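Asks: Turn this into a structure:
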Amino acid sequence: MVLDRYIARAVFSGALLACFVMLSIFVFIDFVNQLKSVGTGDYGVMQAAVFVLLKLPQRLYELSPSILLLGGILSLGTLAANSELIVMRASGISPMRITRSVLQAGLLVALLVAVIGEYIAPSATRIAKNYRAQAMEKKLLVAGMNDVWARDGNRYVNVKKILPNHRLQHVRVYEMDNNYRLSSIIYARGAQFRDKQWHLRNLKRSTISAEGVTVQRQKKMVMDRLILLELFTVLELESYDMSASELYAYSRYLEDNNLDSREYLLAFWIKVFTPLTCLVMLFIAMPIVFATTPRSGGMGQRVILAVLIGVIYYVVNRSFNHLGVALDFSPLLSAAVPLLLVLGAGYFFMKKVA
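Replies: Model prediction:
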């Protein structure tokens with residue numbers, strides 16, 4: 001329908017404008033924060049700029065609800081200020097019908113946000129952290145998107161995945177003799193640092209000698225050195241950097257081992273609800289848009305109102321999330337309640353203007 005396409009064009013243009021403005025601000029802030037690390041190893045200004053650019057998908061994902069809120073108020077508020085929404089309503093188009101067109105456009109943006117959060121942002125964040133660590137720490141080598149290589153004397157360690165709480169998955173240790181010939185290969189499905197030692201589990205050791213290759217299997221093995229903790233802390237992903245599938249799998253792993261999984265379950269549900277939050281932010285923008293008239297004030301007032309709503313939601317959401325963890329609430333409930341409160345407020349004000 002022509003109306004749907006026209007409103008979608010307005011929503012997309014507003015979202016792009018808000019995206020450019022907000023990302024420009026946060027890119028500058030992130031770059032200034034990185035300047036503190038400039039001069040460490042080979043980490044210079046250019047490397048800091050590349051790191052910040054690689055982190056852009058994650059920053060875009062985090063800001064997506066605020067971007068849609070601001071973009072919706074800017075673009076649709078302009079339509080209202082130009083009396084275009086009044087003409088639509090005078091033509092018999094109800095506010096709910098206009099809102100439906102807006103949410104249809106928002107659904108496409110929400111799907112894009114979901115793809116960014118699940119696939120693009122986690123991978124880009126890993127690349128960014130690997131790139132930064134490689135520049136700062138000479139002992140680190142990077143091969144591929146997720147693999148991490150570290151050298152310790154005559155030992156080379158390959159890690160497929162670094163998890164929080166000093167946990168590694170799919171670890172290979174290549175040991176060289178004094179003549180730099182490969183003497184053994186150790187493969188472990190997992191490893192964890194505790195009690196000042198690395199505990200490897202479910203491992204296979206292949207010893208190479210002139211007589212051939214001898215293979216031994218062990219349930220557990222303890223090593224004093226595996227990968228430097230300094231490198232580990234640089235490369236470790238935080239819960240909000242992980243994809244929803246990774247968070248869910250890691251939560252199940254913690255539960256199976258009788259460990260606290262609430263933080264990661266909460267992060268999982270926040271990931272799930274973020275695309276829905278984008279739609280709710282567009283929905284709550286609609287009462288503001290319908291209340292806008294040619295005489296109700298300029299764009300500056302609408303921008304301030306959008307920023308105020310975004311800040312309030314951010315504070316309430318974060319507070320409830322942390323309160324839920326502290327009081328042992330269900331992670332699903334902790335993530336859903338702020339969203340439901342905003343949805344209820346949006347519905348209440350929509351009834352007022354409809």
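
Asks: So for F349, what's the nearest residue that isn't a sequence neighbour?
Replies: Spatial nearest neighbour of F349, excluding adjacent residues (CB to CB, 6 or more residues apart in numbering): P287 at 3.7 Å. For every residue, glycine as well, the C-beta is placed using N, CA and C.

Asks: Show the average pLDDT along the strand or helix carrying that neighbour.
Replies: Secondary structure assigned from DSSP states H and E places P287 in helix 262-290. When pLDDT is averaged along helix 262-290, the result is 90.

Asks: Thought L276 was touching V113, still the case?
Replies: No - the criterion here is CB atoms under 8 Å, and V113 misses it with L276 at 9.9 Å.

Asks: Pick out whichever of these two has more residues nearby.
Replies: Each of V113 and L276 has its neighbours counted (other CB atoms under 10 Å); V113 has more, 24 against 16.

Asks: ok now do that one, which residues does it touch?
Replies: Applying CB atoms under 8 Å, 6 or more residues apart in numbering, we find V113 in contact with Y61, S64, T274, P275, C278.

Asks: The last one and L60: what is the separation?
Replies: In this structure, C278 and L60 are 12 Å apart, going by CB to CB, to the nearest Å.

Asks: Mind checking which of the two has more residues around it?
Replies: When neighbours are counted by other CB under 10 Å, C278 and L60 differ, and C278 comes out ahead with 26 against 21.

Asks: Point to the helix or strand of this protein where mean pLDDT is at its lowest.
Replies: Ranked by mean pLDDT, DSSP states H and E, the weakest helix or strand in the chain is strand 140-142, scoring a mean of 54.

Asks: The helix holding P287: which residues count as buried?
Replies: Within helix 262-290, the residues that count as buried by 16 or more other CB atoms under 10 Å are 262-290.

Asks: ok, the residue positioned nearest the centre of the chain to P275 distance?
Replies: If you average the C-alpha coordinates of the chain and look for the closest C-alpha using CA atoms, centre = their mean, you land on D241, 4.3 Å from that point. Shown here: D241 relative to P275, a distance of 18 Å by CB to CB.

Asks: do the same with Y174
Replies: Taking CB to CB, one finds Y174 at 42 Å from P275.

Asks: So, low pLDDT: which residues of the stretch 151-300 of the chain?
Replies: 228-237, 292-300 (pLDDT under 70).

Asks: those helices in it, which residues are they?
Replies: 229-235, 244-256, 262-290, 299-326 (DSSP state H, counting those that start in this stretch).

Asks: export those to a markdown table and tack on distance to L103?
Replies: Written out in a markdown table, the entries for the helices of the stretch 151-300 of the chain read as follows (distance: least, CB to CB, whole Å):
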| stretch | distance to L103 |
| --- | --- |
| helix 229-235 | 40 |
| helix 244-256 | 22 |
| helix 262-290 | 6 |
| helix 299-326 | 17 |
